[in-house]
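Q: please find the sequence and the predicted model below.
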Amino acid sequence: MGSVLSCICPEKADDEGRVNAVVGSNATWRIFTYKELHAATNGFSDEKKLGEGGFGSVYLGKTSDGLQIAVKKLKAMSSKAEMEFAVEVEVLGRVRHKNLLGLRGYCAGTDQRLIVYDYMPNLSLLSHLHGLLAGQVLLDWKRRMKIAMGSAEGLMYLHHEVTPHIIHRDIKASNVLLDSDFEPLVADFGFAKLIPEGVSHMTTRVKGTLGYLAPEYAMWGKVSESCDVYSFGILLLEIVTGRKPIEKLRGGTKRTITEWAEPLITKGRFKDLVDPKLRGNFDENQLKQAITVAALCVQSEPEKRPNMNEVVSLLKGCEPKVKVMPMRISSIKYREELLALDQPSDDEGGGPDDYGVFSALDGGPYQNYGDDGRLTRNA
Ligand SMILES: Nc1ncnc2c1ncn2[C@@H]1O[C@H](COP(=O)(O)OP(=O)(O)O)[C@@H](O)[C@H]1O
Ligand SMILES: [Mg+2]
């Protein structure tokens, strides 16, 4: 890991470890000491805990100069966690976009790894759709469309503008954070993949979150930009409908959002798709546009999905090249053994039964499908 970090590590830190390093063109961050982050978060106290994910816990903190920060603290030192930390810091050091959560700094002591971000006062999209803030219905239609557009623009930057291109691999509602203006910032680059030039797709271990996983990725570990496009389609359906990517029905069976939406989309019953919490307040044209984009993104054949440049222009109101209405979307049925891996998330106060619950997967029965680094080159 040293080599990964050393490429962006500043050469010299002062006694406090306070260094302003210029990463890429204009991103600034600094190294924090453990002592400083411990003090900033009241000793990582429970009252300061913002949430918990696969990587560890996230705490709200305040630095001595008054800056509000979010500190992600690694659960335990393992080679897997260290790799995620290294990937996240490496990737964050390369990106700079209004819709991507930037790096404030990190702390890499002998036995701790912490990452520091700007604190996002409106927390995650997940908390508004299905979590603690859902009851307040702060996401009206306009805000939802702004969140969809901003997230798409952040992804478009990762796929098309930064070199090498970056596949996020964990696009989901808890990784879309909201600033004080409800502008979305895509976060969590621990699973990201840098794509060398000329490589169309890679075969890797499956990581990510069930419900958002593209079928070719869930089954064969085949990863390309269009896996993120698929996840974005699911996210878009979630934003419009207020439903979870996987719902638990009575009797314990699970239903994906595409299985639920498909008959309504096919029959052109778009209004029936809209989150009832919006009480009928939505823009019909934008609704059609959003559902069209989502339906294109969640097609099971990756080559049929639009790329993120196309997604952004479609969301802006450009006409799709293919006719989509009424269209059949092929709803994905995850195989039983994959669904069995689906674990409850304790993030943001939801209990396993009322929560749409998908866990980060790493390997499982699918790790046999491929190993990291096997590349398939364009012919
Ligand atoms: N910068 C931040 N500002 C505010 N809340 C955050 C920030 N980063 C993470 N969180 C909260 O902490 C939770 C846990 O984050 P994370 O460890 O990334 O796990 P996950 O994305 O799987 O939920 C998020 O869902 C979010 O609610
Ligand atoms: Mg996250």
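A: Sure thing, it's come through. Residues are numbered from 1 along each chain as shown. Ligands and ions are numbered 1, 2, ... in the order given.

Q: which parts of the helix or strand where His201 lies are buried?
A: According to DSSP states H and E, His201 maps onto strand 199-203. Buried positions in strand 199-203, judged by neighbour count with 16 or more other Cβ atoms under 10 Å: Val199, His201, Met202, Thr203. Placement of C-beta: from N, CA and C, glycine included.

Q: in the sheet, who's paired with the first one?
A: This means Val199. Per DSSP bridges, residues listed as beta-bridge partners of Val199: Arg377.

Q: for this protein, what spans make up the helices?
A: For the chain, applying DSSP state H gives helices covering 2-6, 34-40, 79-94, 125-129, 141-156, 215-220, 225-241, 257-266, 284-297, 308-315, 336-340.

Q: starting at the chain centroid, how far to the longest one?
A: On the basis of Cα atoms, centre = their mean, to the nearest Å, helix 225-241 is displaced by 10 Å from the centre of the chain it belongs to.

Q: and that helix, what does it pack onto?
A: Here helix 225-241 touches helix 125-129, helix 141-156, strand 165-167, helix 215-220, helix 257-266, helix 284-297, helix 308-315, going by 3 or more Cβ pairs under 8 Å, 6 or more residues apart in numbering; DSSP states H and E.

Q: can I get the ones you listed in a markdown table with mean neighbour count and mean pLDDT?
A: Below are the helices and strands packed on helix 225-241 laid out as a markdown table (neighbours: other Cβ atoms under 10 Å; pLDDT from 0 to 100):
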| stretch | mean neighbour count | mean pLDDT |
| --- | --- | --- |
| helix 125-129 | 26 | 97 |
| helix 141-156 | 22 | 98 |
| strand 165-167 | 22 | 93 |
| helix 215-220 | 20 | 91 |
| helix 257-266 | 19 | 96 |
| helix 284-297 | 20 | 96 |
| helix 308-315 | 20 | 97 |
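
Q: mind checking which of those is nearest Val186?
A: Ranking those by proximity to Val186 (Cβ to Cβ) places helix 141-156 first, at 4.2 Å.

Q: what lies in contact with the closest one?
A: 97-100, 125, 139, 168, 171, 176, 178, 182-186, 228-229, 232, 235-236, 239-240, 278, 281-283, 286, 290, 308-309, 311-312, 315-316 (Cβ atoms under 8 Å, 6 or more residues apart in numbering).

Q: confidence score at the closest residue to ligand 2 within the chain?
A: In the chain, the residue that lies nearest ligand 2 is Asp188 (3.8 Å; Cβ to the ion). pLDDT recorded at Asp188 is 89.

Q: residues in contact with it?
A: Contact analysis of Asp188 by Cβ under 8 Å, 6+ apart lists Gly53, Phe55, Glu88, Leu101, His168, Asp170, Asn175.

Q: give the residue spans of the protein that score low on pLDDT.
A: For the chain, residues meeting the criterion pLDDT under 70 lie at 1-27, 320-379.

Q: quick one, phi/psi of the residue of the chain closest to ligand 2?
A: Main-chain torsions, Asp188, degrees, to the nearest 10: phi 70, psi 90.

Q: separation between Asp140 and Gln68?
A: As defined by Cβ to Cβ, to the nearest Å, Asp140 lies at a distance of 26 Å from Gln68.

Q: do His128 as well
A: Separation of His128 from Gln68 (Cβ to Cβ): 19 Å.

Q: ok, now Ala173?
A: Separation of Ala173 from Gln68 (Cβ to Cβ): 22 Å.
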